[in-house]
Structure formats: structure tokens, C-alpha cells
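A predicted structure for the sequence below; I have some questions about it.
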Amino acid sequence: MIVVTGGAGFIGTNLVYHLNQKGISDIIIVDSLNSLEKVKNCNTLKFKDFIDKKAFLQKLPSLGKVDLILHQGACSNTMELDGNYILNNNFEYTKELFHFCQKSKVRFIYASSASVYGNGTYGFKEDADAENPLNYYAFSKFLFDQYLNSFKNLESQVVGLRYFNVYGPCENHKGKMASVVWHFYKQAKEENKIKLFAGSENFKRDFIYVNDIIDIIFFFIENPTISGIFNCGTSNAESFYTIANIVKEYVRNEFCTNCEIEQIPFPDDLVGKYQQFTKADIGKLRKAGYKNEFTPLKQGVLQYLDLLSKNEGRLKHK
């Protein structure tokens with residue numbers, strides 16, 4: 001049996017969907033149904049049970065044989081200002097799952113974040129010298145990574161994946177925290193324009209399609225002897241302006257022939273809290289044996305735009 005926390009969320013839904021494609025449905029989804037969009041995410045999935053995240057830790061010891069926990073659940077709001085809530089939800093909860101897995105010899109693959117690198121002043125390599133979290137969310141991810149590193153001997157596989165800027169289907173529930181692809185498409189559809197912060201041609205991020213994240217997770221599932229913390233990015237930095245142009249050309253062909261890009265002032269509340277550049281160092285991931293190529297940005301964005309246009313940004317039934 002596989003447990004997927006956050007299984008009704010963005011990456012979790014994609015993960016369960018692709019497990020289903022491999023014929024696996026002995027899955028327990030753990031999540032909070034705080035959005036109807038999460039219900040719609042689950043409509044394409046096959047799973048054994050659904051447990052609320054608040055009840056899950058208490059029920060976990062009585063679930064029977066668990067082979068693997070894929071921990072994707074977290075408060076992912078980088079602007080959340082309640083530090084204690086973030087720590088309890090992201091750090092303490094993850095610690096409890098980790099200790100259960102170690103005690104029961106259950107494999108544990110969890111979502112960390114590239115936000116631990118802050119503004120990237122010290123690079124983007126899985127190294128303590130590069131870590132510089134700038135908000136509560138990043139700090140919560142940083143804390144568990146450090147906690148894990150304090151254990152020299154592990155009873156079972158533990159893998160932390162530092163996701164860079166992930167985009168793709170099933171993120172409607174994320175709202176403000178959804179990817180720029182989602183936001184640009186929504187703006188074009190509703191306002192006939194795409195809004196970019198002034199200077200966005202110089203803001204570059206390592207954008208990675210969610211299918212590539214799933215492929216990396218499957219690599220570690222298939223290699224149970226590998227443990228550690230790994231970057232999950234393409235090692236290519238692309239500008240927000242590049243994505244805006246891809247979206248503009250797509251919507252012009254589909255429904256909005258006069259769509260334009262509009263520059264807006266950079267918000268004061270984001271000054272000092274905004275990653276202007278990210279680029280994953282994936283040397284450690286490659287050294288571990290992951291050899292697959294990543295989806296080119298334009299190809300991935302166009303695939304996602306097709307789902308946004310024709311299926312409301314959700315995965316299709318198969």
C-alpha cells in the first residue's frame with residue numbers, strides 16, 4: 001500500500017494519476033478537502049481510501065502494511081505570516097511521518113523546496129553553505145532537511161526533493177500560489193492582457209513541468225537503496241517574459257487575437273521576498289543515476305495550455 005499525502009493537491013494528484021497508469025490503485029490519499037477544485041482533481045483518480053490530514057497521524061499505525069509514503073502535503077503559501085502554523089504543518093507533521101517510517105521500515109519520499117536557497121546568492125547546490133531561507137515556508141522546509149541530515153544511519157529509504165518552479169495541471173485550487181503559466185492564461189482569458197512585473201525580462205526561474213517531477217519520483221521509487229536530498233529542476237533558467245510570450249501566442253491563436261503584454265510596477269510587499277533567479281544544480285541527481293531529459297519549456301507550457309483551454313486545467317480521464 002502507498003500513502004500519498006497532499007494527494008488531492010497539485011503534485012499529489014499528478015502522482016496518483018501516474019501511479020494509476022502503472023496499474024497501482026492500492027493508495028491512500030491524505031489531504032484536507034478545503035476546496036472543490038481538490039474534489040475535481042480526485043475525479044480522475046483510483047484509490048483505496050481518503051483520510052483527512054488531521055486524523056491521519058492517529059490512524060496511521062492501524063492502517064496495515066504501508067510500503068511507501070509519498071509526502072507531498074504542506075502549506076505551500078510562501079506569503080503565509082503565521083510562523084507557528086507553518087512549523088506545525090510542515091515541520092512537525094513531517095517529523096512524525098519520518099519517525100513512523102523509520103520505526104516501521106517504510107520508505108519515505110518527501111517534498112522539500114528550492115526556496116531553501118533564498119535569493120540564490122550562494123548558489124543552488126544541495127549544500128549547507130547555499131541555504132538561506134527568506135520566509136516561514138522556506139524555513140519550514142529547511143528545518144526538516146537539516147533534521148534529516150542529523151541522522152547518520154537510516155532504517156529505510158528517505159529522499160527529499162527540492163522542487164524548483166513546477167507548473168502543470170491540477171493547480172486550480174492554489175489561487176495566488178499557482179504557477180505563472182496558470183496566472184498568465186487566466187489574465188489573457190479574462191482581461192485580454194498578460195501582466196508582467198516591470199523588469200520581468202531579467203527575472204529568470206528554473207521552470208519544470210510536473211510530469212518531469214513525477215518521473216524523478218518514480219526513479220527513486222524504483223531505486224530503493226538511494227537516499228538523500230536532491231534538487232528537482234532542469235538546470236535551465238528562463239525568463240517570465242519568455243513564458244508570457246508563449247502564452248500570448250497560444251491565446252491569440254485560440255481566442256484572443258488582440259492579447260498584449262502589460263508591464264506593471266513591482267509590488268512593495270514582495271521586495272526582499274522574491275526569488276529573481278533560480279537554476280538547479282542537478283549534478284547530485286545525475287550522479288545518483290537519473291538520466292532522463294527534461295521537457296523543453298515551450299513543449300511543456302503548450303501541453304499545459306491545451307489542458308487549461310480544453311479541460312479546465314485538469315487531467316483527462318483515461
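Sure, I can see it.

use CA for all of it now, contacts and neighbours both
Fine.

ok, Thr44 touching Tyr17?
Yes. Between Thr44 and Tyr17 there is a contact under Cα atoms under 8 Å: 7.2 Å.

neighbour count for those two, which is higher?
Tyr17 (26 against 17; other Cα atoms under 10 Å).

give the buried residues for the helix or strand harbouring the more buried one.
Secondary structure assigned from DSSP states H and E places Tyr17 in helix 10-21. By neighbour count on 16 or more other Cα atoms under 10 Å, the buried set for helix 10-21 is 10-20.

also stretch 198-211?
Buried residues in stretch 198-211 (16+ other Cα under 10 Å): 200, 203-211.

so which of those are in helices?
Those of those mapping onto helices are 210-211, per DSSP state H.

including pLDDT and distance to Phe108, could the buried residues of stretch 198-211 go into TSV?
TSV is the format used below for the buried residues of stretch 198-211 (pLDDT from 0 to 100; distance: Cα to Cα, whole Å):
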residue	pLDDT	distance to Phe108
Ser200	82	38
Phe203	88	34
Lys204	94	32
Arg205	96	28
Asp206	98	25
Phe207	99	25
Ile208	99	22
Tyr209	99	23
Val210	99	20
Asn211	99	20
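
from the buried residues of stretch 198-211, which land in strands?
Using DSSP state E, 204-205, 207-209 are the members of the buried residues of stretch 198-211 that sit in strands.

need the residues you listed in JSON lines (columns: distance to Ser112).
Below are these laid out as JSON lines (distance: Cα to Cα, whole Å):
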{"residue": "Lys204", "distance to Ser112": "21"}
{"residue": "Arg205", "distance to Ser112": "17"}
{"residue": "Phe207", "distance to Ser112": "16"}
{"residue": "Ile208", "distance to Ser112": "15"}
{"residue": "Tyr209", "distance to Ser112": "17"}
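
so which of those residues comes closest to Phe266?
Lys204 (15.1 Å; Cα to Cα).

so Leu196, which state does it fall into?
Secondary structure, DSSP: H, G, I helix; E, B strand; the rest coil: Leu196 is strand.

nearest spatial neighbour of it, chain-adjacent residues omitted?
Distances taken as Cα to Cα, 6 or more residues apart in numbering put Gln263 closest to Leu196, at 4.8 Å, once the chain neighbours are dropped.

in which helix or strand would I find the one you found?
Under the criterion of DSSP H and E, Gln263 resides in strand 260-264.

what packs against the helix or strand following that strand?
Per DSSP H and E, the first helix or strand lying C-terminal to strand 260-264 is helix 283-287. Under the contact criterion of 3 or more Cα pairs under 8 Å, 6 or more residues apart in numbering; DSSP states H and E, helix 283-287 touches strand 228-232.

which elements pack onto the helix or strand following the strand it packs on?
Sequence-wise, the next helix or strand downstream of strand 228-232 (DSSP H and E) is strand 238-239. On a contact count with 3+ Cα pairs under 8 Å, 6+ apart, strand 238-239 meets strand 204-205.

right, and Glu131 touches Asn119 too?
No. Here Glu131 does not reach Asn119: they are 9.5 Å apart, not a contact under Cα under 8 Å.

what sits in contact with each of those two?
Residues touching both Glu131 and Asn119 (Cα atoms under 8 Å, 6 or more residues apart in numbering): there are none.
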